[in-house]
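attaching a predicted model along with its sequence, questions to come.
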Amino acid sequence: MALAAMGMRAAPPYPTILPAEDQNPKHTLPEDLARMRRRMALYVQPRADLPGFDGISIGWFATRRGFWEYTPRMDGHQKRRNEESQKWVTARLDEAMAKYKDAGLTKAQRESLWRWMNWRTYSSVLPHAFGYWFADALRIRPGLTLHNTKPTFWLGGWESFPSTAYSNLTHRDAIDYTDYCIPPWGNFRAPAFLAMGNPEGQKTCCAYFTHNWRSEHVATAFGAAGRGLDGFALSFQEDNRQAEALLRLFERFGSWFTALDPLPDVAVYFNDNRNRASVILHDLARMRRPGMVVSPEDVLAGALSKYKVLLLAGLDSFELPKIAEAVRAFEARGGVIIKDDACNADLPGRKLGFAYDKTHVHGGWGLGSPKGEWEFAHLWKNFKETREKFLVEAFARTPGIPVTTPDASVILSPLAGKDSIVCFVLNKTEVPFEIEGRWRQAHVLPRIGELRVDKGWHVHDLLTSKAAPVADTTQGRRVAVDFTRLEGAVYLLTRRKPEAMAIRAERTAPHTLRLTAWLADAGDRPLADPMPFEVALRGPDGATLFHKFAALGPESALDVPVPALSGKARLELCVRDLVIGSTATQAVTPAAPAVVTARAAADLIGGAGPVAAFLSQRKGPVTVVLDEQQDALRPAAERLAALLKKCGRKARVLTWDPADIRPLRLRWHLLKENLDVIEGLKAGPAFAWRVGLQPWVAEKHGFEDPRCGYDEYGPRLRHDADVVLFGAPSDHRALADLKPYLRRVPTDSHPAPGGFFIHYLWSPFRGGCDGLYVGCRDAAGAEAAVACLATVPSSSPAPMPTLKPGTKPVITRGGAPAPLKSMVEGKFGTPVLDIAFSPDGSRLFVTTASYGRSAMGSPTGGIGRGGTSCLWTTPPYGSACGMPTIYIASTADGSTRRRRSRRTTFRGPATAADPSSRPRPAWTAAGRA
């Protein structure tokens with residue numbers, strides 16, 4: 001309910017029939033496509049009127065070939081699908097290459113072009129199938145969102161090339177994990193891959209596997225948000241109290257973050273190696289110059305114009321001469337090209353000094369070595385020992401960005417608008433290698449970081465809701481970043497200081513108010529970019545009728561629904577900006593109550609358009625099916641058949657006998673009896689009854705065993721033609737089979753005697769074969785329905801009410817800025833496990849649940865009773881599972897010693913670094929808070 005209150009909607013998984021079915025994708029074979037089209041239509045149809053139902057998630061379809069990781073092969077058609085898809089791919093690849101037969105390409109160019117077209121074509125197999133799967137579902141529920149989640153370490157592969165792998169879907173979804181569940185820099189990798197080749201602007205979303213540690217949550221969330229991800233999920237445990245605070249932070253600012261794009265700085269040209277691109281993205285993040293991936297499609301669309309640096313790696317030749325021309329034009333405009341030593345010497349650009357070869361790029365990204373160390377230790381070790389010095393030298397000669405840091409342990413992930421930057425700052429002070437265990441890489445050590453900001457930029461700390469103190473130093477303008485309470489920070493940088501706000505409300509319809517709002521400088525000039533606002537509409541009694549956090553600007557609007565109220569009641573629109581804290585209120589006139597009248601139009605479930613198309617535009621025969629007890633409805637059925645014939649369709653009326661229905665056993669390998677039934681369905685008005693079989697028989701014959709097969713979702717009845725049904729499930733056995741998948745059925749009170757409703761049916765008994773269901777309780781209702789159908793094509797919806805001419809927008813200035821609540825204080829921090837004074841009362845010892853340092857205070861130089869300062873100590877040299885064990889403690893006189901707490905307040909489980917199965921006491925030591 002909390003998520004629903006935040007405006008989130010549900011996209012449940014599609015119904016599966018076989019075990020691990022999303023690892024056996026149904027594509028290419030016509031019968032498979034028809035079955036999936038019917039399954040999705042029947043799944044969506046009864047949910048079409050369900051509030052909050054927004055889309056369908058179809059699992060992990062990441063490879064066309066089928067993928068069996070933890071189950072035996074459960075689909076006897078996968079081999080045949082793969083063979084047919086290979087023919088489909090070969091034909092389209094030949095067709096694509098034929099266009100450039102006479103283009104005069106060199107051998108290297110043709111090889112690069114073939115590789116690019118190969119990715120596009122192989123990655124189109126599943127999206128091509130998705131277009132069939134959801135052909136009916138999208139008509140039933142317009143605006144339905146479609147989600148296919150791909151593992152992030154497959155993105156960029158030859159069957160998961162993002163430019164085409166997400167076609168026919170509404171979103172680009174991924175899941176970030178590894179075999180050891182430690183995502184290697186997925187916050188910077190996944191958004192970059194998902195955004196490449198995305199001209200239609202599909203929303204990008206990623207689910208991250210994270211452990212129950214804030215250091216992982218904050219780094220993942222802040223890094224991904226700064227790289228333009230539109231939505232993400234993190235895995236929490238219920239006992240993590242700070243997870244709610246992180247959720248509320250993104251509830252407050254999320255719409256604003258998604259209204260901005262990643263700050264354009266470094267573009268990484270993607271050619272043929274996803275692991276190489278992943279290592280490069282890691283390195284750029286480490287260099288505080290986070291990059292985005294551009295595909296050949298992006299370059300052809302002119303995407304290079306917004307970047308400062310283009311990085312090429314392992315490239316022999318560009319795919320097309322037009323791409324090479326775009327790259328040279330980029331360089332001519334002042335863009336800097338950096339190429340690694342594996343690139344062709346003839347390509348433009350400065351040499352990097354090393355090659356991203358097998359020394360630096362592992363072939364098994366996502367497959368961690370023992371203790372999950374590869375993604376972390378391999379990346380860090382080679383970066384520090386080899387790559388960093390060359391990258392530092394290369395980027396020293398490139399134009400910088402307005403915000404940076406000299407601190408190698410601080411990472412930036414900035415978003416940008418026209419005149420503003422939202423910079424996410426992450427603490428990546430790694431736990432030293434001397435501390436063993438794969439959990440080390442999920443933690444960081446607390447520190448005070450530093451930002452450097454160019455002149456002319458004003459800085460605001462969004463989490464503390466205060467202006468950030470900026471110190472002018474000889475090295476530049478410095479902002480200190482405190483990572484002792486939270487592992488990240490978010491800063492707003494603007495060229496002009498925001499000092500005021502205003503709103504503009506315009507009534508665009510009786511029940512709609514269009515709202516824009518903006519921040520302005522001291523001269524009352526609006527800032528161009530959207531900013532975060534909190535919008536509320538309150539009723540006469542002060543109750544909140546509408547509430548939303550929204551990104552608003554001079555060109556970014558929000559439609560606020562306005563209710564109808566009687567009398568002289570007034571509403572109040574209250575808008576507060578979330579940067580300086582200014583609030584503007586405006587009185588709103590409610591919509592006038594209207595007289596509610598009974599609907600004069602026919603009750604057409606599914607709309608008049610599909611019904612009209614069924615009568616005259618669809619092809620193929622129509623079977624009007626009556627049950628044996630529906631003789632009274634036959635005159636109406638005959639009149640409907642005549643109407644269909646008049647409209648140009650072949651129609652027939654049948655009273656079916658269940659004894660004539662032949663069983664159709666759904667075997668993997670069809671026998672003659674199955675083929676005879678299928679031929680009968682294609683040849684005429686025959687009916688069959690699907691009989692599901694178990695998918696696997698553990699014998700040597702395997703899928704060829706006639707006892708094994710599959711099942712299908714939905715009604716058992718199969719009829720290979722459009723149908724029309726009359727009556728109710730109680731008097732029609734075909735309707736009784738279909739009842740669970742209908743949006744409406746007759747009841748004792750509806751429709752009334754002589755009344756009816758007309759329900760459009762998408763693929764009820766066969767994928768691609770539609771139907772009409774006339775819901776009625778008597779012959780009079782059936783006759784009235786047929787008479788209504790004769791007039792459907794001429795029907796049109798009632799016009800929407802409009803406002804009177806002369807409606808003018810109202811502009812209101814905000815009040816004086818007011819303090820905003822901090823999003824950090826009281827919400828984030830390190831839990832204290834143990835606190836105690838020394839026996840003489842001169843020292844205070846604190847143990848915290850962190851890889852960070854514990855605290856000690858003393859009257860002579862610490863935070864003891866009356867002390868005002870505190871001291872740092874050295875990092876821990878032994879730790880396990882995020883709990884401090886032994887620290888080197890600094891005493892007041894500067895000497896070092898170990899100290900163990902007299903009290904034991906935590907007993908942890910055995911871990912990789914602490915193999916003992918016995919509970920162990922916590923350790924405390926001196927340090928700085």
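Cool, the structure landed.

tell me the secondary structure for A752?
Of the three states, A752 takes coil under DSSP: H, G, I helix; E, B strand; the rest coil.

shaky segments in the stretch 601-750 of the chain?
Across the stretch 601-750 of the chain, the ranges flagged by pLDDT under 70 are 601, 697-701.

so who does the residue nearest to A736 when sequence neighbours are not counted touch?
Using C-beta to C-beta, 6 or more residues apart in numbering and skipping residues adjacent in sequence, the residue nearest A736 is P729, 4.3 Å away. (Each C-beta comes from the backbone N, C-alpha and C, glycine too.) P729 makes contact with 735-736, 738-739, 745, according to C-beta atoms under 8 Å, 6 or more residues apart in numbering.

G620 now?
Neighbouring residues of G620 by C-beta under 8 Å, 6+ apart: 649-650, 721-722, 769.

of those residues, just the buried ones, ChimeraX syntax please.
Provided next is the ChimeraX selection string for whichever of those are buried by 16 or more other C-beta atoms under 10 Å:
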select :649,721,722,769
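
out of the contacts of G620, which are inside helices?
Of these, none are assigned to helices by DSSP state H.

what residues sit buried inside the longest helix along the chain?
If you go by DSSP H, the chain has its longest helix at helix 78-98. Neighbour-count burial for helix 78-98 flags 78, 81, 84-85, 88-89, 92-93, 96-97 (criterion: 16+ other C-beta under 10 Å).

now, which of those sits nearest T516?
The shortest gap between T516 and any of these belongs to A96, at 45.4 Å (C-beta to C-beta).

which parts of the stretch 101-250 of the chain are strands?
Per DSSP state E, counting those that start in this stretch, the stretch 101-250 of the chain carries strands over the ranges 145-147, 149-151, 171-176, 203-208, 231-234.

ditto for the stretch 451-600 of the chain
Counting by DSSP E, counting those that start in this stretch, one finds strands in the stretch 451-600 of the chain at the ranges 458-461, 466-467, 471-473, 476-482, 488-494, 500-509, 512-520, 531-538, 544-552, 557-561, 571-577, 583-588.

thought D22 was touching T149, still the case?
No. T149 sits out of contact with D22 when judged by C-beta atoms under 8 Å, with a separation of 9.0 Å.

related to what we said a few turns ago, so which of the contacts of P729 sit within helices?
Of these, the ones assigned to helices by DSSP H are 735-736, 738.

now F270: how far from P414?
Using C-beta to C-beta, to the nearest Å, F270 is found at 22 Å from P414.

which one of those two has more residues nearby?
Neighbour count, other C-beta atoms under 10 Å: between F270 and P414, F270 has more, with 28 against 24.

where does pLDDT dip in the stretch 401-550 of the chain?
433, 436-439.

contacts only, for V786.
Contact partners of V786, counting by C-beta under 8 Å, 6+ apart, are 636, 639-640, 643, 774.

same question for A394.
338, 350, 352-353.

before we move on, what about R288?
404-405, 410-412 are the contacts of R288 under C-beta under 8 Å, 6+ apart.

and H732, by the same measure?
Counted by C-beta under 8 Å, 6+ apart, H732 has contacts 626-627, 630, 725-726.

select only the buried ones of those in PyMOL?
Filtering the contacts of H732 down to the buried ones (16+ other C-beta under 10 Å) takes a single PyMOL command:
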select buried, resi 626+627+630+725+726
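
which of the contacts of H732 sits closest to W185?
Closest to W185, out of all of these and judged by C-beta to C-beta, is L725, at 56.5 Å.

neighbouring strands - and their directions - for the helix or strand where the closest one lies?
Using DSSP states H and E, L725 falls within strand 722-727. When sheet partners are counted by DSSP bridges, strand 722-727 sits next to strand 622-626 (parallel), strand 769-776 (parallel).
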